[in-house]
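S.K.: got a predicted model here, sequence first, then my questions.
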Number of protein chains: 2
Amino acid sequence: MARRKVTSIDVAREAGVSQSAVSRAFTPGASVAEGTREKVHQAAVRLGYRPNAIARSLITRRSHMIGMAVSYLDNHFYPELVQGISDHCQKRGYHILLFTAGEGDAANQELQRALDYQIDGLVLASVSLSSEIADRCHAAGIPVVMVNRVSDAPTASKVTGANEHGGRTIAHFLAKAGHTRIAYLAGLEETSTNRDRETGFMAGLAEAGASLHARAVGNYSAEQSARAATEMMQGSAPPDAIFCANDHMAIAVMDALREGLDLSVPEDVSIVGFDNVGPAQWPTYSITSFSQPVDAMIEATSETLFEAIEAAVEGEAFEAEAIELPGKLIVRRSSRIPPGTGDTWELPA
Amino acid sequence: MARRKVTSIDVAREAGVSQSAVSRAFTPGASVAEGTREKVHQAAVRLGYRPNAIARSLITRRSHMIGMAVSYLDNHFYPELVQGISDHCQKRGYHILLFTAGEGDAANQELQRALDYQIDGLVLASVSLSSEIADRCHAAGIPVVMVNRVSDAPTASKVTGANEHGGRTIAHFLAKAGHTRIAYLAGLEETSTNRDRETGFMAGLAEAGASLHARAVGNYSAEQSARAATEMMQGSAPPDAIFCANDHMAIAVMDALREGLDLSVPEDVSIVGFDNVGPAQWPTYSITSFSQPVDAMIEATSETLFEAIEAAVEGEAFEAEAIELPGKLIVRRSSRIPPGTGDTWELPA
């Protein structure tokens, strides 16, 4: 393990050619005599030398690395996103340089570091983007795609689900099913996902002639959500329905109410979530949830990213895009449902 | 977004110094006049230039990137591992270059690519290592740590839980609890985790004077495990206990049996898993499981990796280590239990 790395200098010596000949021999499109290329490759194999993608990136101006920042991986939604985007990148010969950081300042400090690597693009999953970072990326010609988050940064592309429409749909659905004490369990209040879902939910309640019975904050944390929902249900006027701002919270709430308070879902209280990925689909939970089309989000994120990278490389202008992908309310057993409802439920036109 | 990246050449021009002065100004420890350094930094700020970690890595021979290969992220165990190891690396100024690939050949093809980046180390989580890759890494002076997998490669360090002891403990536990038709649901049969857990399990059954009633293969897949367990229970002589080679399979089995066949766990059949992470601990499942100490595994993996990296950089020899971390059987509600059992159960000395 202590042996130093084999370098192009060693290969040049072994092949009896110049170091620049070695570098050209490993640079796609570079001009080098076929005999030289052959000698270099044979020497490289003998010495166990691998062409140095990093040195090459200084010539081609491409590192083939995509920075990806995620704030947490315990919510099933994000491992699916990371794996899917990584698979797409690998198909194109790119790889993910991972940055794990909480929301907010910690995340943005890590992002500063991301820019010390010559990444060709940056994907932010569930991480908010400071305008400072956005400006730095823009100045450095690094395309940024935010997935499942939006920011005011005009230079960053955004890929999201139908957060506001989903919240609005859920409000109408719960009212239509005859609930009269409808509560909202908020996620992290500074996030765009929570803001948009809650905005749509409140608008939907108003349209349905209903009002919000109770509100608590779970901060997208399983522990905090379990505690908040338990307090809600132990209060003097417990809700008959709780819209949890994502499935990760809805699962923790169902566990807390069924196992901790011995309540039945939906007999005692309806639970509705958001995302429709991972455990929400497991029979044990069977959560009514507004879907985020994770495969489509992965696809849109990759396409947007690589279009922007190609444009940046060609020196062409690229307009940041804002892509909202449609979802639908998947009706399962965690909620009472309006008469005659099928597998999905849509807002009456 | 179309603006090209600001380079050291631009900074040199802006600062009125040579390009090598710019590179020295950003290279820790490099000699450069204070006035020059100051001019360079001011020019860099004006242009939004970030020191290029990659170019610097050609001087320092450190990329500060750790390659990490994972075969899948749907099993909760791996996101926890990735996040924990990433957090450790970031504390040291390193970042994870992620490689997602299935087990076997696909994984090893991706690993070939990992070596095209000047990674300072390689972590394999749930990915087997071909001897060819091991040799390449050794030749390139790249330390390798395998976590939750072992291979015969003498140059790779290994960090695992107590797989064989765990399997053996579970066999004794199930026999002691009075089960007489004990089944094993295997994971991927070519993996060391499945091999070691099954070896220990079979040895434990023999020691306890019991024999294996049935065996099926779930390949660490939720779908295949649900199908295999359903067939087992619908057979003419269904088991009264199933040891699932990991919790990811145990959860799918519990869902299939409780929701699909309307069976009760543990009244109709005891379910025991392995890993004790994520949903196994959720009240809805409450799975009796042999623990893998994920935090200790993260710690051991990081320590081993960075000791080896330091040694490689210093040109010192480093012995590959094989670290097995102890676990214990966490007793929960998914299994019948021997009389007088507490929260955990240990093999009688």
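M.R.: Cool, the structure landed. Numbers count the residues shown, from 1 in each chain, chains lettered A, B, ... in the order given.
S.K.: rounded mean pLDDT for the helix ranked longest in chain A, please.
M.R.: Ranked by residue count, the top helix of chain A under DSSP state H comes out as helix A:294-314. Helix A:294-314 comes out with an average pLDDT of 90.
S.K.: thought residue A:46 was touching residue A:14?
M.R.: Yes - with contacts defined as Cβ atoms under 8 Å, residue A:46 counts as touching residue A:14 at a distance of 6.4 Å. Just so you know, the C-beta spots here come from the backbone N, C-alpha and C atoms, and that holds for glycine as well.
S.K.: what packs against the longest helix of chain A?
M.R.: Secondary-structure packing of helix A:294-314 (3 or more Cβ pairs under 8 Å, 6 or more residues apart in numbering or on different chains; DSSP states H and E): helix A:77-91, strand A:121-125, strand A:144-147, strand A:157-161, strand A:322-325.
S.K.: I'd like the average pLDDT over the first one.
M.R.: For helix A:77-91, the per-residue pLDDT values average out at 90.
S.K.: only the buried residues of it, if you could.
M.R.: When neighbours are counted by 16 or more other Cβ atoms under 10 Å in any protein chain shown, the buried residues of helix A:77-91 are found to be A:77-86, A:88-90.
S.K.: adding distance to residue B:99, write these out as a markdown table.
M.R.: Formatted as a markdown table, the buried residues of helix A:77-91 follow (distance: Cβ to Cβ, whole Å):
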| residue | distance to residue B:99 |
| --- | --- |
| A:77 | 21 |
| A:78 | 18 |
| A:79 | 15 |
| A:80 | 17 |
| A:81 | 17 |
| A:82 | 12 |
| A:83 | 11 |
| A:84 | 14 |
| A:85 | 13 |
| A:86 | 8 |
| A:88 | 14 |
| A:89 | 10 |
| A:90 | 7 |
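S.K.: thinking again about what came up before, chain B is nearest to which of the helices and strands packed on helix A:294-314?
M.R.: Comparing these by their distance to chain B (Cβ to the nearest Cβ), the top pick is helix A:77-91, with 3.8 Å.
S.K.: the helix or strand following that closest one vs strand B:95-100, what angle?
M.R.: Scanning forward in sequence from helix A:77-91, with DSSP states H and E defining helices and strands, the next element found is strand A:95-100. Using axes from the mean of the first three to the mean of the last three Cα atoms, to 10 degrees, the interaxial angle of strand A:95-100 with respect to strand B:95-100 works out to 120 degrees.
S.K.: strand A:95-100 near chain B anywhere?
M.R.: Yes - in this structure, strand A:95-100 sits against chain B according to Cβ under 8 Å from any Cβ of the partner chain; the contacting residues are A:95, A:96, A:97, A:98, A:99, A:100.
S.K.: could you do stretch A:8-17 as well?
M.R.: No - in terms of Cβ under 8 Å from any Cβ, no part of stretch A:8-17 sits within range of chain B; the closest distance is 10.6 Å.
S.K.: tell me which of the helices and strands packed on helix A:294-314 lies nearest to residue B:269.
M.R.: The stretch from the helices and strands packed on helix A:294-314 with the least distance to residue B:269 (Cβ to Cβ) is helix A:77-91; that distance is 29.7 Å.
S.K.: kindly report the residues of the stretch 101-250 of chain A close to chain B.
M.R.: Of all the residues in the stretch 101-250 of chain A, those in contact range of chain B (Cβ under 8 Å from any Cβ) are A:101, A:110, A:113-118, A:135-136, A:138-143, A:155.
S.K.: so which of these belong to helices?
M.R.: Among those, DSSP H puts A:110, A:113, A:114, A:135, A:136, A:138, A:139, A:140 in helices.
S.K.: which of those residues tops the neighbour count?
M.R.: Counting neighbours by other Cβ atoms under 10 Å in any protein chain shown, residue A:114 leads those with 26 neighbours.
S.K.: so what's that residue scoring on pLDDT?
M.R.: 77.
S.K.: what of residue A:59?
M.R.: pLDDT recorded at residue A:59 is 51.
S.K.: with residue A:328 instead?
M.R.: With respect to pLDDT, residue A:328 scores 96.
S.K.: what does residue A:105 give?
M.R.: For residue A:105, the pLDDT comes out at 64.
S.K.: quick one: low-confidence ranges for the stretch 1-150 of chain A?
M.R.: Scanning the stretch 1-150 of chain A for pLDDT under 70 picks out the ranges A:1-5, A:27-30, A:50-61, A:102-107.
S.K.: and for the residue nearest to residue A:344 when sequence neighbours are not counted, the neighbour number?
M.R.: Taking Cβ to Cβ, 6 or more residues apart in numbering or on different chains, and ignoring the residues beside it in sequence, residue A:344 has residue A:328 as its nearest neighbour in space, at 4.9 Å. Neighbour count for residue A:328, taken as other Cβ under 10 Å: 18.
S.K.: distance of residue A:328 from chain B?
M.R.: If you measure residue A:328 against chain B using Cβ to the nearest Cβ, to the nearest Å, the figure is 23 Å.
S.K.: which residues touch that residue?
M.R.: A:290, A:291, A:344, A:345, A:346 (Cβ atoms under 8 Å, 6 or more residues apart in numbering or on different chains).
S.K.: surely the third one and residue A:330 touch.
M.R.: Same thing as residue A:344. Yes - counting by Cβ under 8 Å, residue A:330 is a contact partner of residue A:344 at 5.9 Å.
S.K.: so which of the two has more stuff around it?
M.R.: With other Cβ under 10 Å as the criterion, residue A:344 and residue A:330 differ in neighbour count, and residue A:330 comes out ahead with 18 against 11.
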